[in-house]
Structure formats: C-alpha cells, structure tokens
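K.L.:
what follows is a predicted structure for the sequence shown.
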Amino acid sequence: MNKYFSLFYFLFFTSFLGYSQVPKQKKEQGFIEKVNPLESGFYPIWIFDIDLRSVIKYNDHEGLRIGIGGITNEKLFKKYKFGGYFAYGLNDHEYKYSVGSSIRLNKSDKLWLDLYYTDDIREFGDYTLLTDKLVFSIIEPRLLNITQFYKHISWRSSLNYKFNNTLISEVQIAKRNISQIDSYQYVNNGITYKEYTLSEASLSIRYGVNNKKPSSIEYYGGGMPSVSLQITQGFKNVFGSDFSYTKFGLKADYFIKREKLSSTNFLLISSLALGDLPLTHLFHSSPNSPTKTAILKRFSVAGRSSFETMYFGEFFSDKYAALHVKHSLFRIHISEKIQPEAIVFTRHAIGNLKNKAAHLGVDFKTLDQFYSESGIELNRIFFGFGLSFAYRYGYYNLPNFDDNIALKFTFYLKL
C-alpha cells in the first residue's frame, strides 16, 4: 500500500506544481527578476507566499499529512513577516502547527531575526544543518518511508545573515520539550528518561560558488566545493534542560560539469556528538529503504543523498561520515522531449556509538564497519520520472540476496 501512496503523492503534487508556475517578481539591484515557485518553494497569493512543502506529505506514522503554511510578503509589510503552518495527519489524527514572525534589522534583506513556536513531530536522529533549509527541493523522498518519530514542543529564535551570493549564516537558540511516540527510553547517570528538555545554541555557515541566478541559493562548484559547517552546544540546567552536549556537522558538495552533459558529484557528510545525548538527537545514516521483506513492497522513491538499501532505524551513531559519488554518463536520445540520463553512483559510510546500552526500547545496530552500496539510475524517462537500482555489499551484506536490492523510481523535474 505504501508504494501506491508514494506514487499518488508525487503525481498529485507535481500536477499541482504544474499549475503553480506563475513567477514571483523580486526586485534586486535595480532590476526585476522573475522567481519561479519551483525554485523558491513559495507561491504568491496576494499578501501571502504559500509554502509548497506544507501542502501535502506522506509518512508511515501520520499517513497522509495535509496542511497549509507560508509567510507574509512585502505587500503587507516590508520590514516584518508573519508565518507558520498548520497540518493534520489522517493516520495519527493529530494536529501540528508552527507560528512566528521575523523582523528585518537592516535596510537590505540580508539580516533577519526570527522567533517561532512549534508543536510537531520529527524524525529520530535527524541533524539537518540550519542553512540547508534555505535550499528548496520540490520533493523530499525520504519523508515517505520514515517510521521513527518523536514529539517536540519548541521555542526557537534565529538570526539569519546573507553576506553575499556565496556566503550565508544562521545563529539559533532553542528550547525543546521532547516526548516519545513509541517506547524509547534513555538512561543517563542512573536516571531513565522518556521525556526530557533540551536547551541549545547553534551556529551554521554555508559557503559556495554561485553560478546561477542572483536569487538562487543552490551552489555549484566553480573550482571549489560548497561547504556547510555547523556547531550546536547543549546547556544543562538552562531553562530546565537535562543534558550537556556538543554536536558538529560538516557537508562538502563538489560538482564538476563537463562537455556533452557529463558531470561528477562528490558529497561528503560528517557528524560528531560529544556529551550526553538521547538517540532522538544523535545521527541516523540517511536510510531510505522501507522495512519490508519483498523487493516490490520496498518500491518507493529514491532520494538525492540517501542510502537506498539501508533500512529505516537500522543504524544510529554519535560519530558518522559518508561519501556519495555520482557520475552522469550520457543521454539516450529517443526524441526531442524524451532523453533519459544514465547515472552510476556509489555510497559508503562508517560510524560508531560509544554507549549503545543506554538506549532502550529501540532495536538498532552501530555502523562501526564500512557500509557500501552502488547502482545505476536512468533518470527523466518521462515527465521527470526515472528508475533506480542499488545493491548493498561488503561487511553489511545481508544473507538473503533480495534484501540487498533496492529498486525505486526517481524524480527530477527540469525547470
């Protein structure tokens, strides 16, 4: 049933976006630039910019998640923004929401201060870099199959500064009250926690050479990689926080484009956690394989930088590194509109967890040996859809041959 929901989600959403390609005009440096909603992620309606990511989603816990969200634009106030989202899960029958505001602190649009309150769920082991959320993706394939979530009620305040088209930054302070959906418990200093509070401060910086339009914040190498760095410090006994910890994150993305549409992409991701941290706030390894036994039951959507043969909840780490290499081979010319692109890829990861026994109620493994998978994609066969095949080998190769295979479809919409 999951694969049919996946297919429904993408067909519905991409059809909706097909009718949403009315460019939003943005004035910058004396000229008016048209920003396509598929690039910005927002569709303007009067004084609001609707967040396209908030309209419809699907995952194993919430089922179909429907909602609406966005932020006010310059037609209401030029110096202030008010935004948020409201969502409802048809499977868990629970409402989620976020509400907040932003104020511009300088004459240009480069420095903004945000304050938001959120009551929602989040994936176990998710450590998304703050500056990554500024890069919009039409689809988020991993969301379809995630099974492990926790609840959080959070206050956060952020200071966002765009130095120029190649350097952006964000500083954030947050307080998060965490509760469990499932039976997970964390044992620390003889105390067992099912609910806990975290107070933390984060600094995130992203640098990249921008060879695209002035509005774009998606960077491609012009001799240098795009690099994102983040550090998060947790403070015990601050606003009732239970733990002290430090987390580091690194992402380096190097894209080499050659003649005749050939290209190679290297993506390095690394994370490190020091101190006392529950599993909810450690690191998963970007798995993207549903926990099903048959290949066709695992048929879903391939991600951009995820391990397609790694099962959800299979590995967690407090130190982690992964390398993704993808090479575009050639285009197959069938007609003017149908020219599939052949790509080969290989992915490898390694990690560790110092105290696995402190995490109760969840069955998982540590990634203390190399995890490897490789495969091929045939993209843009029809209307952005293609196929992906991946095989898991090496130390974590599974005894049942079928369990090492991931067959999925891909989606790349050319703007």
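P.N.:
Here it is on my side, so go on.

K.L.:
from Phe370, how far out is Ala321?
P.N.:
From Ala321 across to Phe370, the span is 10 Å (Cβ to Cβ, to the nearest Å). Every residue, glycine included, has its C-beta placed from N, CA and C.

K.L.:
assumed Lys133 was part of a strand.
P.N.:
No - secondary structure of Lys133 (DSSP: H, G, I helix; E, B strand; the rest coil): helix, not part of a strand.

K.L.:
what about it, how many neighbours?
P.N.:
For Lys133, the neighbour count with other Cβ atoms under 10 Å is 12.

K.L.:
what does Tyr393 give?
P.N.:
Tyr393, neighbours per other Cβ under 10 Å, totals 13.

K.L.:
could you check which of Ala321 and Phe370 has the larger neighbour count?
P.N.:
In this view Ala321 and Phe370 are compared by other Cβ under 10 Å, and Ala321 has more residues nearby, 17 against 11.

K.L.:
helices or strands up against the helix or strand containing the more buried one?
P.N.:
For Ala321, the enclosing helix or strand under DSSP states H and E is strand 319-331. When contacts are defined as 3 or more Cβ pairs under 8 Å, 6 or more residues apart in numbering; DSSP states H and E, strand 319-331 packs onto strand 263-275, strand 341-352.

K.L.:
just to revisit the earlier point, list residues touching both of Ala321 and Phe370?
P.N.:
Any residue near both Ala321 and Phe370 by Cβ atoms under 8 Å, 6 or more residues apart in numbering counts here, and that gives 349-350.

K.L.:
follow-up on the earlier one: save the helices and strands packed on strand 319-331 as a markdown table, and put in mean neighbour count and distance to Asp363 too.
P.N.:
Below are the helices and strands packed on strand 319-331 laid out as a markdown table (neighbours: other Cβ atoms under 10 Å; distance: least, Cβ to Cβ, whole Å):
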| stretch | mean neighbour count | distance to Asp363 |
| --- | --- | --- |
| strand 263-275 | 18 | 21 |
| strand 341-352 | 18 | 17 |
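
K.L.:
which one of the ones you listed lies nearest to Tyr207?
P.N.:
When the helices and strands packed on strand 319-331 are compared by Cβ to Cβ, strand 263-275 sits nearest Tyr207, at 14.4 Å.

K.L.:
which elements pack onto that closest one?
P.N.:
If contacts are counted by 3+ Cβ pairs under 8 Å, 6+ apart, strand 263-275 sits against strand 245-257, strand 319-331.

K.L.:
partner strands of the last one and their direction?
P.N.:
Pairing partners of strand 319-331, with direction, according to DSSP bridges: strand 263-275 (antiparallel), strand 341-352 (antiparallel).

K.L.:
list the contacts of the longest one.
P.N.:
Spelled out, it's strand 263-275. By Cβ under 8 Å, 6+ apart, the residues outside strand 263-275 that reach it are 127, 225, 234, 243-258, 281-283, 286, 305, 317-328.

K.L.:
try 7 Å this time
P.N.:
By Cβ atoms under 7 Å, 6 or more residues apart in numbering, the surrounding residues in contact with strand 263-275 are 127, 234, 243-257, 282-283, 305, 318-328.

K.L.:
quick check: end-to-end length of stretch 234-246?
P.N.:
With Cα to Cα, to the nearest Å applied, stretch 234-246 spans 6 Å between its terminal residues.

K.L.:
and if you look at stretch 120-132?
P.N.:
Using Cα to Cα, one end of stretch 120-132 lies 20 Å from the other.

K.L.:
buried residues of that stretch, list them for me.
P.N.:
Using 16 or more other Cβ atoms under 10 Å as the test for burial, stretch 120-132 gives 120-127, 129-131.

K.L.:
mind putting the residues you listed in TSV, pLDDT included?
P.N.:
TSV is the format used below for the buried residues of stretch 120-132 (pLDDT from 0 to 100):
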residue	pLDDT
Asp120	97
Ile121	97
Arg122	96
Glu123	95
Phe124	95
Gly125	95
Asp126	93
Tyr127	93
Leu129	91
Leu130	90
Thr131	84
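
K.L.:
low pLDDT regions in the stretch 201-350 of the chain?
P.N.:
209-224, 259-261 (pLDDT under 70).

K.L.:
quick one: Leu357 is in a strand?
P.N.:
One correction, residue 357 is Ala, not Leu. No - counting by three-state DSSP, Ala357 falls outside a strand, being helix.

K.L.:
could I get the pLDDT score of it?
P.N.:
Looking at Ala357, its pLDDT stands at 95.

K.L.:
what do you get for Gly18?
P.N.:
At Gly18, pLDDT is 45.

K.L.:
name the nearest residue to Gly394, sequence neighbours excluded.
P.N.:
Nearest non-adjacent residue to Gly394, counting by Cβ to Cβ, 6 or more residues apart in numbering: Ser372, 4.1 Å away.

K.L.:
out of the strands paired with strand 319-331, which is closest to Lys110?
P.N.:
Closest among the strands paired with strand 319-331, using Cβ to Cβ: strand 263-275, at 27.8 Å.

K.L.:
for the closest one, the distance to its chain's centre please.
P.N.:
Mean-position distance between strand 263-275 and its chain equals 14 Å (Cα atoms, centre = their mean, to the nearest Å).

K.L.:
just the helices in the chain please.
P.N.:
2-18, 37-40 (DSSP state H).

K.L.:
mean pLDDT for these: which is lowest?
P.N.:
Mean pLDDT is lowest for helix 2-18 out of these, coming in at a mean of 47.

K.L.:
hang on, the earlier thing: okay, the angle between the strand holding Ala321 and strand 245-257?
P.N.:
Orientation check (axes from the mean of the first three to the mean of the last three Cα atoms, to 10 degrees): strand 319-331 against strand 245-257 gives 20 degrees.
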